[in-house]
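Need coordinates for the below:
(one chain, ligands or ions: 2)
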Amino acid sequence: MNKSIVLIVEDDPLQRRLIRGNLESEGFVVTDAADQASAVAEMRRLPAEIALVDYKLGRETGLDVIRLLLKENPALAPIMITAFASVETAVEAIKAGAYDYIVKPIDFKKLLLIIDRALERHRLRAEVQSLRETLVDKFSARNFVSASPAMEAVSRLMSKASQSDANVLITGETGTGKDLVARSIHFASRRAKGPFLAVNIPSLPESLIESELFGAEKGAFTGAGERKTGKFEAAGGGTLLLDEIGDLPLHLQVKLLRFLQDREFSRLGSTAVLRADVRVLAATNRDLEKAVSEGAFRADLFYRLDVIRIALPPLRERREDIPPLVDHFLRKYALREKKAVHGISEEALDMLVRHPYPGNVRELENAVERAVVFCENDMILSEDLPRSLTVRSEADSPFPGKAVSLEEKVKRLEIREIREALEASGGVKSAAARKLGITERMLSYKVKIYGLKPKSPEAGNPV
Ligand SMILES: Nc1ncnc2c1ncn2[C@@H]1O[C@H](COP(=O)(O)OP(=O)(O)O)[C@@H](O)[C@H]1O
Ligand SMILES: [Mg+2]
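Ligands and ions are numbered 1, 2, ... in the order given. Below you'll find the model as predicted:
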């Protein structure tokens, strides 16, 4: 049976009763109103999909009612009822936003057909709308948790950045949310319907960065069998995130600078000048100012990128964000796992709030995800948390248990530092080595002698 809701706005009580009776016998849920004010009130009480609105409502006109109802519920399909068919009335009704109109005396067979078509369109629209919203919603402000003053300031900067087309430099340790910030800016900007692409520079072999970004002509280098489209071309009309921009080799910094100044670039192996309408967002976990002073990063490029700076503080410096983030991730993973996990014990939350999070929000998210998966109650308990959170404190300084030699202490400390650096850099050795201030070779050596398997941060448990 049909359960769609129809609102009748008609000042003649006899007409109202007649229409209501007819629609109710067809299985519709019917509500009604005699004037503008009560029509709006009815719509708020029970959001109808269809409104049948009489053209003449005493001293008010149905056109105004239609406009007001559409303001309340933009997905509504209003149908105008008129006393006589005239082109003018029809045009007026459609202009006011009516889906169709019907002439009195009402032919109910015809009315049902009109309602059926309107409902069909209503459903299609709702479907398209919801598909689009899923994507936009994923990166909407509602999914960006910000409770601390520092993150509220970040939120405000993000909305400024979405309203502009300026370059943005996003800084912060790994896992602080740089990617999420970039995507959120894109999906709230006028480029939202265009593509969002991201390139993680250190993940590319140096010899391929240029062709990946700017494209390459056929045969431009060994292995380039076909012409290759670069990310700048592919991101046309949209946004390109250059992740870990600090790792961009100097000669490509020049090429990027040219693009940022003139919107022009050439494919590798060609001198033809190409243009692209791309907004560039850059992210880095390095101190770019320091890189500039050391000559590893061009100052002119730095200033070009640093128009709007969004600096994400490490999670340990904004612990107020932890409880709302826990809540956010708990809902997300309970929904995905289809589990009725509704909360977290005080003890477990306390542990989460105290942890230092070398891997920042990503580490917290992984911990909550794992806890939801392991949870056997309707609430997360401390034993559901990864051991890295519960055990780390013991492995920390006072070295519990027996007396430990200095050598052993140094070794443990070293292992911990290496593990954290690897975790914080998502297992990317070059980045971890940089963090630790040692060469990658040295890091590989230590990883080997200590038998530390570089693991993905998703793994949860400590090695
Ligand atoms: N403020 C936040 N609100 C909600 N989720 C967040 C927030 N910050 C980070 N996250 C989540 O943490 C994870 C890591 O964030 P990401 O943007 O990939 O960090 P980064 O790029 O800095 O390494 C992602 O799953 C992201 O959605
Ligand atoms: Mg990232």
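
which parts of the protein sit against ligand 1?
Neighbours of ligand 1 within the chain, by Cβ under 6 Å from any ligand atom: 144-146, 172, 174-180, 328, 361-362, 365. Just so you know, the C-beta spots here come from the backbone N, C-alpha and C atoms, and that holds for glycine as well.

Distance check, residue 241 against residue 209.
Using Cβ to Cβ, to the nearest Å, one gets 15 Å for the distance from residue 241 to residue 209.

for residue 153, what are its contacts?
For residue 153, no contacting residues are found, by Cβ atoms under 8 Å, 6 or more residues apart in numbering.

repeat for residue 411
Residues in contact with residue 411, defined by Cβ under 8 Å, 6+ apart, are residue 450.

Can I get the helix or strand encompassing it in CSV? Just the C-alpha atoms.
Counting by DSSP states H and E, the element that carries residue 411 is helix 406-424. C-alpha atoms of helix 406-424 as CSV (Å, rounded to 0.1, in the frame of the first residue of the first chain):
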residue,chain,number,x,y,z
LEU,A,406,72.8,0.6,30.8
GLU,A,407,73.4,-1.2,27.5
GLU,A,408,70.0,-2.9,27.6
LYS,A,409,68.3,0.4,28.5
VAL,A,410,69.9,2.2,25.5
LYS,A,411,68.9,-0.7,23.3
ARG,A,412,65.3,-0.6,24.4
LEU,A,413,65.1,3.1,24.0
GLU,A,414,66.5,2.8,20.5
ILE,A,415,64.0,0.1,19.6
ARG,A,416,61.2,2.2,20.8
GLU,A,417,62.3,5.3,19.0
ILE,A,418,62.8,3.4,15.7
ARG,A,419,59.4,1.8,16.1
GLU,A,420,57.7,5.1,16.7
ALA,A,421,59.4,6.7,13.8
LEU,A,422,58.5,3.9,11.5
GLU,A,423,54.9,4.0,12.7
ALA,A,424,54.7,7.7,12.4
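
okay, now the residue of the stretch 151-300 of the chain found nearest ligand 1: neighbour count?
Nearest residue of the stretch 151-300 of the chain to ligand 1, counting by Cβ to the nearest ligand atom: residue 177, 2.7 Å away. Close neighbours of residue 177, defined as other Cβ atoms under 10 Å, add up to 24.

residues in contact with it?
144, 312, 360, 361.

Quick one: buried ones out of those residues?
Among these, the ones that count as buried by 16 or more other Cβ atoms under 10 Å are 144, 312, 360, 361.

As a markdown table, those residues with pLDDT would be great.
Below are the buried ones among the contacts of residue 177 laid out as a markdown table (pLDDT from 0 to 100):
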| residue | pLDDT |
| --- | --- |
| 144 | 92 |
| 312 | 97 |
| 360 | 96 |
| 361 | 97 |
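
ok, the residues you listed vs ligand 1, which is closest?
Nearest to ligand 1 among the buried ones among the contacts of residue 177, counting by Cβ to the nearest ligand atom, is residue 361 at 3.6 Å.

follow-up on the earlier one: neighbour count for residue 241 and residue 209, which is higher?
Each of residue 241 and residue 209 has its neighbours counted (other Cβ under 10 Å); residue 241 has more, 26 against 19.

Does that one touch residue 201 like I think?
No - contact criterion Cβ atoms under 8 Å: residue 241 and residue 201 do not qualify, at 10.5 Å.

if we can go back for a sec, let me have the buried ones among the contacts of residue 177 in TSV, extended by distance to residue 192 and secondary structure.
Shown next, in TSV, are the buried ones among the contacts of residue 177 (distance: Cβ to Cβ, whole Å; DSSP: H, G, I helix; E, B strand; the rest coil):
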residue	distance to residue 192	secondary structure
144	15	coil
312	22	coil
360	27	helix
361	24	helix
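
At which residues are the helices of the stretch 251-400 of the chain located?
For the stretch 251-400 of the chain, applying DSSP state H, counting those that start in this stretch gives helices covering 288-293, 299-305, 322-337, 346-354, 360-374, 387-395.

where among these is the average confidence lowest?
Lowest mean pLDDT within the helices of the stretch 251-400 of the chain: helix 387-395, a mean of 61.

Okay, the closest residue to residue 415 other than its chain neighbours and ligand 1: tell me how far apart.
Closest residue to residue 415 apart from its sequence neighbours, by Cβ to Cβ, 6 or more residues apart in numbering: residue 450 at 5.4 Å. For residue 450, the distance to ligand 1 equals 26 Å [Cβ to the nearest ligand atom, to the nearest Å].

Repeat that for residue 60.
In terms of Cβ to the nearest ligand atom, residue 60 sits 47 Å off from ligand 1.

Return the set of residues that bridge with that residue.
Taking DSSP bridges, one obtains residue 57 as the residues bridged to residue 60.

My guess is it contacts residue 36. True?
Yes - if you go by Cβ under 8 Å, residue 60 and residue 36 touch, sitting 5.1 Å apart.

Out of those two, name the residue with the larger neighbour count.
Ranked by neighbour count (other Cβ under 10 Å), residue 60 and residue 36 place residue 36 first, with 20 against 16.

residue contacts, that one?
Going by Cβ under 8 Å, 6+ apart, the list of residues near residue 36 reads 9, 57, 60, 64, 65, 68.

Whichever of these end up buried, select them in ChimeraX.
In ChimeraX, this line selects whichever of these come out buried by 16+ other Cβ under 10 Å:
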select :9,57,60,65
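
and which of the contacts of residue 36 is nearest to ligand 1?
Lowest distance from ligand 1 to the contacts of residue 36 (Cβ to the nearest ligand atom) belongs to residue 68, with 37.3 Å.

can you pull out the helices in the stretch 101-250 of the chain?
If DSSP H, counting those that start in this stretch is used as the criterion, the helices of the stretch 101-250 of the chain fall at 108-138, 149-163, 178-188, 206-214, 231-234, 250-262.

Quickly list the domain ranges of this protein.
5-136, 149-313, 315-396, 400-463 (automatic domain parsing).

and those domains, which one is worst for confidence?
Of all these, the minimum mean pLDDT falls on domain 400-463 (a mean of 75).

next one: it to chain centre, how far?
32 Å (Cα atoms, centre = their mean, to the nearest Å).

quick revisit: from the contacts of residue 177, which single one is nearest residue 216?
residue 312 (34.0 Å; Cβ to Cβ).

what number of residues lie near the residue nearest to residue 415?
14.

One more: residue 102?
19.

which residues touch it?
Residue 102 is in contact with 79, 80, 81, 82, 110, 111, 114, counting by Cβ under 8 Å, 6+ apart.
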